[in-house]
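Sequence and computational prediction follow.
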Amino acid sequence: MAFALRDQLQSQLQSEVRATVLGHLQRGGSPTPFDRILATQYGIRAAELVLAGEFNRMVTMQSGQFVSIPLADVAHQHRLVTEDAPLMHAARQLGLCLGETQ
């Protein structure tokens, strides 16, 4: 999709257009074996949903099991992270900017 869009835009613009497919870069590094296996498991379950004609659902892991839930159950919802969450503490210890003033 990115490359098709790039080709369409390139013919209409005077500047170079590049396509980037983030993949593992979006997550922040090279995929580990765990990442690859997990992605494969999600992909298999998603393909099974399509084959079963179950649309408008997403695959999720709950209690170590892959299940599907209706997209309507998660659309337009936010999962907020509290200030005292362990990941917030870890991020601060790593010196990550979280938009806080010091």
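Done, it's in. Note that the structure is predicted; figures quoted are calculated from it, not measured. Numbers count the residues shown, from 1 in each chain.

Enumerate every residue touching residue 20.
Contact analysis of residue 20 by Cβ atoms under 8 Å, 6 or more residues apart in numbering lists residue 2. The C-beta positions use only the backbone N, C-alpha and C, and glycine is treated the same way.

a strand runs through it, doesn't it?
No. Counting by DSSP: H, G, I helix; E, B strand; the rest coil, residue 20 is not found in a strand; it is coil.

Quick check: it vs residue 39, distance?
19 Å (Cβ to Cβ, to the nearest Å).

What's the first helix or strand after the helix or strand bottoming out on mean pLDDT in the chain?
Here the helix or strand of the chain ranked lowest by mean pLDDT, DSSP states H and E is helix 24-27, holding a mean of 60. As assigned by DSSP states H and E, the chain's next helix or strand after helix 24-27 is helix 33-51.

Just name whatever secondary elements the helix or strand following that next one is in contact with.
Sequence order places strand 57-62 as the next helix or strand after helix 33-51, per DSSP H and E. Using 3 or more Cβ pairs under 8 Å, 6 or more residues apart in numbering; DSSP states H and E, the elements in contact with strand 57-62 are helix 33-51, strand 65-70.

Adding mean pLDDT and distance to residue 100, write the ones you listed out as TSV.
TSV is the format used below for those (pLDDT from 0 to 100; distance: least, Cβ to Cβ, whole Å):
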stretch	mean pLDDT	distance to residue 100
helix 33-51	92	30
strand 65-70	96	33
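
Can you add distance to residue 98 and mean neighbour count and give these back as JSON lines?
Formatted as JSON lines, these follow (distance: least, Cβ to Cβ, whole Å; neighbours: other Cβ atoms under 10 Å):
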{"stretch": "helix 33-51", "distance to residue 98": "25", "mean neighbour count": "12"}
{"stretch": "strand 65-70", "distance to residue 98": "29", "mean neighbour count": "12"}
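
Turn these into TSV, including distance to residue 9.
Shown next, in TSV, are the helices and strands packed on strand 57-62 (distance: least, Cβ to Cβ, whole Å):
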stretch	distance to residue 9
helix 33-51	29
strand 65-70	35
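
Could you pull up the residues touching the nearest residue to residue 10 once chain neighbours are set aside?
Counting by Cβ to Cβ, 6 or more residues apart in numbering, residue 17 is the residue found nearest to residue 10 once chain neighbours are left out, at 4.5 Å. Counting by Cβ under 8 Å, 6+ apart, residue 17 touches 6, 9-10.
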